[in-house]
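*Asks:* Sequence plus predicted model, see below.
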Amino acid sequence: MSQEIVAVAKREKNLKRNYLVLNRLQAKHVPGSPRTALAYFGCLADVVGRAYAGEKLLLIGFAETATGIGSALAIKLKTAYMQTTREEVEGAEFLYFTEAHSHATEQRLVRADLERALDKIDRIVFVEDELTTGNTVSHIVSLIRKTFLKRVNFAAASLVNGMSEEAKENFVKEGIDLCFLEAVDYSDFPKKAEQARVDGEYFPAHTGESSEGICCWEALGGQNARRLVNGEDYGHSCEDLWKQFLEANGRICGKRFLVLGTEELTYPALYLGSRLEEENQVLCHGTTRSPILVSRAPEDLLHRRFSLVSLYERERRTFVYNLEACDQAIVITDAPSPCREGLNSLFWALKRCGSRKIQLVRWC
């Protein structure tokens, strides 16, 4: 089963960890069915729900790859939720920690929101797509214990777990539970990444593309999960996004859609895509900060990489992989003031791959 779900890719110029674990079902880096992704996340929610029945939980999703998973779990389990972030949050003070192996090492949580939640919960569950060493979770658990001096239990939940037995034993010693759907042996991943072909298609960012003919509109009622939210309420806000989409477009049947979330904003794109998928063909994935090398080999998952300017910050480099032609591309973003160069580079990439119509929806 694991070999059907997980594949290895090579990170670009990362000396701390040369490989990235790609999940075929997650619909983040690799385009996939949003309904399949949400059902997959639902299986992890069931595991967490059974393990901590009767406990009051705060789920924390790690940016950027696990924000959609964390949101999905919080919605299904009706728990409190917040995510780590690398973005600025107006008026907030942060609790800072690092993710040492990442291309962007700094992670942070809104301190006041976390402290407010600690008075009402029994356990914090950190949600990840995959765990390799568990060091990041271990560091933030230690930081929370030292900072707040409040008694709370901890757990880490992931779709895939690649931790060694020694790392798992360290979690036991530290009082951190583990929940996951599948264990995978990562021991040969560094070697596989080193041997990976990197001869795929690479496209630089084009920032001079005209936005003429592109529909841009705002969907009201969006919630910022970088702040503490109620999972059930967050789910309702995503349903409101879908209703506003229907009001703007009417019901559409028999088309081929691409729904793209931007960076840390994942779940709203998955939810909108899942509703469209009831009567259409839909692929969903996201722009990302992760620089991954791509390959022409059919057995590899990523073959085409577009560099982009971030919608959130002009100086930030982001990427999108394996874009395909579609009748309509829908971009969901929560960038407060989407960067013009970022919009131009994304629109160029979508048009270059054959998107006939593009909508940009700012969830606010």
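*Replies:* Done, it's in.

*Asks:* mind saving the C-alpha coords of stretch 196-213 as PDB?
*Replies:* Only the C-alpha atoms of stretch 196-213 are listed here, as PDB (Å, rounded to 0.1, in the frame of the first residue of the first chain):
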ATOM      1  CA  ALA A 196      16.900  10.800  -9.100                       C
ATOM      2  CA  ARG A 197      16.700  12.200 -12.600                       C
ATOM      3  CA  VAL A 198      16.300  16.000 -12.700                       C
ATOM      4  CA  ASP A 199      15.700  16.400 -16.400                       C
ATOM      5  CA  GLY A 200      12.100  17.500 -16.300                       C
ATOM      6  CA  GLU A 201      10.700  20.800 -17.700                       C
ATOM      7  CA  TYR A 202      11.500  24.000 -15.800                       C
ATOM      8  CA  PHE A 203       9.800  27.300 -16.600                       C
ATOM      9  CA  PRO A 204      11.000  30.600 -15.100                       C
ATOM     10  CA  ALA A 205       8.600  33.100 -13.700                       C
ATOM     11  CA  HIS A 206       7.000  35.300 -16.400                       C
ATOM     12  CA  THR A 207       5.700  38.500 -14.800                       C
ATOM     13  CA  GLY A 208       4.600  40.500 -17.800                       C
ATOM     14  CA  GLU A 209       1.400  38.500 -18.500                       C
ATOM     15  CA  SER A 210      -1.800  40.500 -19.000                       C
ATOM     16  CA  SER A 211      -4.700  39.700 -16.700                       C
ATOM     17  CA  GLU A 212      -7.200  40.800 -19.300                       C
ATOM     18  CA  GLY A 213     -10.200  38.400 -19.500                       C
END
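
*Asks:* can you start the count at 4 instead of 1 from here on
*Replies:* With 4 as the first residue, the last one maps to stretch 199-216.

*Asks:* And for that stretch, what's in contact with it?
*Replies:* For stretch 199-216, contacts defined as C-beta atoms under 8 Å, 6 or more residues apart in numbering pick out 11-13, 296-300, 303, 305-312, 320, 344, 346-348, 350-352, 354-355. In short, each C-beta sits where N, CA and C put it, glycine included.

*Asks:* Which of these fall in strands?
*Replies:* 11-13, 296, 307-312, 320 (DSSP state E).

*Asks:* Looking at these, spot the one nearest Val140.
*Replies:* In terms of C-beta to C-beta, no member of the ones in strands among the contacts of stretch 199-216 lies closer to Val140 than Val11, at 21.7 Å.

*Asks:* element containing the nearest residue to Gly224 once chain neighbours are set aside?
*Replies:* With sequence-adjacent residues excluded and distances taken as C-beta to C-beta, 6 or more residues apart in numbering, Gly224 is closest to Asp243, at 4.7 Å. In this structure, Asp243 is located in helix 234-252 according to DSSP states H and E.

*Asks:* cool, Pro339 as well?
*Replies:* Using DSSP H and E, no helix or strand contains Pro339.

*Asks:* I'd like to know how far it sits from Glu221.
*Replies:* 11 Å (C-beta to C-beta, to the nearest Å).

*Asks:* do Glu93 as well
*Replies:* The spacing between Glu93 and Glu221, counted by C-beta to C-beta, is 18 Å.
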